[in-house]
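Novice: after the sequence you'll find the predicted model.
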Amino acid sequence: MASVHAPHAVQHPGAPMPAGATKQQAEEVFRKLKQMKEQGVPPSDPEYIKASQFLMSFQQQHNMRRNQQQFLQQQQKQQMQNATNGTPANGVMSGRPMQQGSPQSTQPPSNPLGASAMPNQTTSTPVSTGTSPSTAPSSNHFTQQQLGLLRQQIHAFKLLGKNAGVSLQLQQAIFNQRHRRQAAVADAAQVTQATKSNQADSEASKEGQNGPGAATEDEGSEIPKAHTFKTVKSPYGTSMIRPEIKYFDHSQRKNRWFIPGVFPTGIDFDHLRYEREVVVSNRMRQRYAELKNLPGDLAHWDSSKETLEADDSLKRKAIIEMKSIALYAKQRALRDKIGRQMMHYDNLAMTTNRSGFRRMKKQNVREARITEKLEKQQRDARENREKKKHTDFLRAIYTHRQEIQESASSQRTKSHKLSRLMYQQHFNIEKEEQKRIERTAKQRLQALKANDEEAYLKLLDQAKDTRITHLLKQTDGFLHQLASSVKAQQRQAAERYGDGDDPQMDDASDYDEDDESSKKIDYYAVAHRIREEVTEQANMLVGGKLKEYQVKGLQWMISLYNNNLNGILADEMGLGKTIQTISLITYLIERKQQAGPYLVIVPLSTLTNWNLEFERWAPSVSRIVYKGPPNARKQQQDKIRQGGFQVLLTTYEYIIKDRPILSKIKWFHMIIDEGHRMKNSNSKLSFTIQQYYHTRFRLILTGTPLQNNLSELWAMLNFVLPNIFKSATTFDEWFNTPFANTGGQDKMELTEEEQILVIRRLHKVLRPFLLRRLKKDVEKDLPDKTEKVIKCKFSALQSKLYKQMVTHNRLVVSDGKGGKTGARGLSNMIMQLRKLCNHPFVFDVVENVMNPLSISNDLLWRTAGKFELLDRILPKYQATGHRVLMFFQMTAIMDIMEDYLRYKRFEYLRLDGTTKSDERSDLLREFNAPDSKYFMFLLSTRAGGLGLNLQTADTVIIYDSDWNPHQDLQAQDRAHRIGQKNEVRILRLISSNSVEEKILERARFKLDMDGKVIQAGRFDNKSSETDRDAMLRTLLETADMAESGEQDEMEDEELNMLLCTQ
């Protein structure tokens, strides 16, 4: 049978004292410890710690011996008292067993420092029997060790009550003291047992020899020490020989088990149940120890499978089983408690319910009648009570109904009042929140306008605006992608053209790669990582000295060269892009030893001007002007094959025509003037250059980089940097439709903040590759340019014809014989309306009716509102010494204007698309001559608006506006250029309430878009034919207003104020 194992004694952790230590050794160790303290030995020294532990162990051993002596003295004194009083050894006095609570049965004091704590001590000091009772310590007081243990236990109980952990030192101190106390009690019990047995033997022998009175004779004599056997059990104990059973012991229940029965004893079920519980407890403890010692990474797998998959179910079952075993003690206590309560309940119910023990009495007829009568009375009384109860219940329901109605009415009133207050509170909160949001939005907008990105991001993080955050993430991702493409472009160009060993490039590359992960990428610094300071122009540039901003432009183009990049020089017209380009060529030839060849592609109208500028600024540069008839070009081709040149000047047309010859040359640098010709990536010119011409560097010169939409800007970027700006769709997705993936059907309008944000980000994209300066920023001494829009009223003839064209899509005029002649249907309605706004004589049918002889007379200016206005202002300009440039969209209007000028005897010159290149130079020279007699220069916007220097004129009249506003800007800058000394006045003539107002509105929208994109950025600017259709629907309204005469016309006084100069 298994038995419950006793716990092992726990040794004291800090007692390294050798066996048989004496007092002299302790004193010697104490002196040594004192010397170390005086010498300043730290407490962490090993010798110091060893000596301290030795003295502590010696002191504990000394205290234990003293406690054992006191305990033995108390035991001997008690035995002597028992012997004196005649108390039997078995505890029975006067025939009755001694009660457990008698004063004589004094419990020995528990010694917390038991024998188990000092394994080296095997003997105890003899105790003298002559010790006086007063010197023995009282068992009713605690010793110092017991008080210390009690305090430690109280402290541990408080920690457990706070659900706090008990430190390891406190646990060891409490359990060590408990183990010592248990060992001491066990040793004391053995000594007491042996002493009692020896005393009983000696008394029995004395009684047999000397009689009953002999016990008192030796009172006070010395009692010899009893020898204790630890392995032998005394046969005289209560477990072996039981005392004699008295007759009167039957009256006490606790003594009845000593009385033998008549029948055999049989099986003791309680004892069997106890033994079974012992076995179960031992097995559970053993199983708990096995489960506790299992490894933490316990697992198993199915070996029949090909793949080994660990299964933690076995570990989970073991943990559940271990926790179930740990609950055994609590379950057992709960069952015992329930059992005791059930027993108490059963006993109480049986003793209090006396009726359960009564016997039923037999009932007769009389008693049955009396019982029936009583039952009837009780039934009637119960019915009356039920009726009364029902009536009271109904009355209570009615009363409760009234109370509920009153309470509901009161609650409803309170609820309405509370709702109004709550609504007002929420309204105020929402109002304050809206104010806060608006205030934060204004702060963000101010920070964004001030270009303070750090403050803007902090405010944006507080606002939690998901739209703007999404936009920032999109644009940041695109900038990061572009930065990677720029690095790849630079690395590829360096490897291809042999510049891969540049240490400056390698160092910059390593620096950028290290910085990418630590902070945000500086996109401009990545593109222009190699920087070269340019402070002066090349010595070959002898025509004059460059201005400061032109030197900065040269430095920017040299930076593009150093970093293997291409770009767009987009300075405003009149800032000297031609001179800056010539300075770049001379700088590369002289400082970088790059002799070329350089290919310069210019419009035909500016080819002569480029040649003159080269002759003036860089005469030492050998160049070929590739133009002329086929025979002349064939002679020039021989020179090109020989390679004895540095610069080749040619036009767009010859680049396409003579592609087989010109594309065979490996050009070092390609420069395209008026590069907005490349705005269509599918044009023949763009396709030819990209497909057949090979050049290392490309540079575009343009004064209007964005004219209509974002695709045109992308086309130029794709031309100069095809490896970086690869896809127009991707570029459009990032900056044209940033919220296209929201899934909504309606178009989402961007707020001002979002527009500015997109503008800033797009400007970051353009800044490394596009340089644009305005005249107002770099040329402080340049006179101002003011533009005035003058609205002209239709003539009576124009009003009638305009109404007919809009209403019937045709013109109906009289044939002079009383009938009517209808012009055939006109396909392009807007173009025909523009013609009519300019002059009705553009239509031959109208001119034949109004002026059949085609002679010049006053009908030229009376039949058109614009001519009537010019008839009033041109004489004033001529009288005041002003010179005028007038730009037209249609050569037919120029023809009519020539007739008018000849009729009015004004001196003029004319330049349009039919003018030859040589004639152009002569016309410019005649008009710009100091003593020129010409008052007016008539030019077509497309032919005369490119590359012409006409700064001797100070007044520009735009007779009719172009759909592309940059064409008009190009025309204005023919006069507003470097060298202009007078204020430039631009007069734009617009027919009131006509299609020209819509054209001007559309042009202004494009200009606004251009200002945002090129100078700061852009926003959504998609345009389609739907916009033009919507404009056509508004023409009917303007035609009605023109017919009724509701047109704005400038009075003479206002016109004079407008024409007067400062």
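Specialist: Looks like it arrived, so ask away.

Novice: please make it C-alpha for all contacts and neighbour counts, starting now.
Specialist: OK.

Novice: what is the three-state secondary structure of Leu987?
Specialist: Using DSSP: H, G, I helix; E, B strand; the rest coil, the structure places Leu987 in strand.

Novice: now it: how far from Ile893?
Specialist: With distances taken as CA to CA, to the nearest Å, Leu987 is found 17 Å from Ile893.

Novice: before we move on, what about Ile986?
Specialist: 19 Å.

Novice: who has more neighbours, the two?
Specialist: Ile986 (22 against 19; other CA atoms under 10 Å).

Novice: what's near enough to touch that one?
Specialist: Going by CA atoms under 8 Å, 6 or more residues apart in numbering, Ile986 touches 785-788, 955-958, 972.

Novice: quick check: Leu607 touching Thr651?
Specialist: Yes. Shown here, Leu607 and Thr651 form a contact pair, counting by CA atoms under 8 Å, at 7.3 Å.

Novice: neighbour count: these two, which is higher?
Specialist: Leu607 (24 against 20).

Novice: mean confidence for the helix or strand that one falls within?
Specialist: Here Leu607, judged by DSSP states H and E, is contained in helix 604-617. In this model, helix 604-617 has a mean pLDDT of 83.

Novice: same deal with stretch 569-577?
Specialist: 79.

Novice: so what touches that stretch?
Specialist: Applying CA under 8 Å, 6+ apart, the external contacts of stretch 569-577 come out as 550, 699-705, 770-775, 970, 973-974, 976-978.

Novice: which positions in that stretch come out as buried?
Specialist: 569-575, 577 (16 or more other CA atoms under 10 Å).

Novice: could you dump those to TSV with distance to Phe668 and secondary structure?
Specialist: Output for the buried residues of stretch 569-577, formatted as TSV (distance: CA to CA, whole Å; DSSP: H, G, I helix; E, B strand; the rest coil):
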residue	distance to Phe668	secondary structure
Leu569	18	strand
Ala570	22	coil
Asp571	24	coil
Glu572	27	coil
Met573	27	coil
Gly574	27	coil
Leu575	26	coil
Lys577	20	helix
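
Novice: which pair of those residues spans the longest distance?
Specialist: Leu569 and Gly574 (12.9 Å; CA to CA).

Novice: just checking, what's the longest helix in this protein?
Specialist: As assigned by DSSP state H, the longest helix anywhere in the chain is helix 365-449.

Novice: check which helices and strands that helix sits against.
Specialist: Secondary-structure packing of helix 365-449 (3 or more CA pairs under 8 Å, 6 or more residues apart in numbering; DSSP states H and E): helix 453-463, helix 752-766.

Novice: so what pLDDT did Leu797 get?
Specialist: So Leu797 comes in at 84 (pLDDT).

Novice: just Val279 next, same as before
Specialist: So, for Val279, pLDDT stands at 94.

Novice: A helix includes Ile172, no?
Specialist: Quick fix: residue 172 reads Gln, not Ile. Yes. If the criterion is three-state DSSP, then Gln172 is within a helix.

Novice: counting neighbours, what do you get for it?
Specialist: So Gln172, with other CA under 10 Å, has 14 neighbours.
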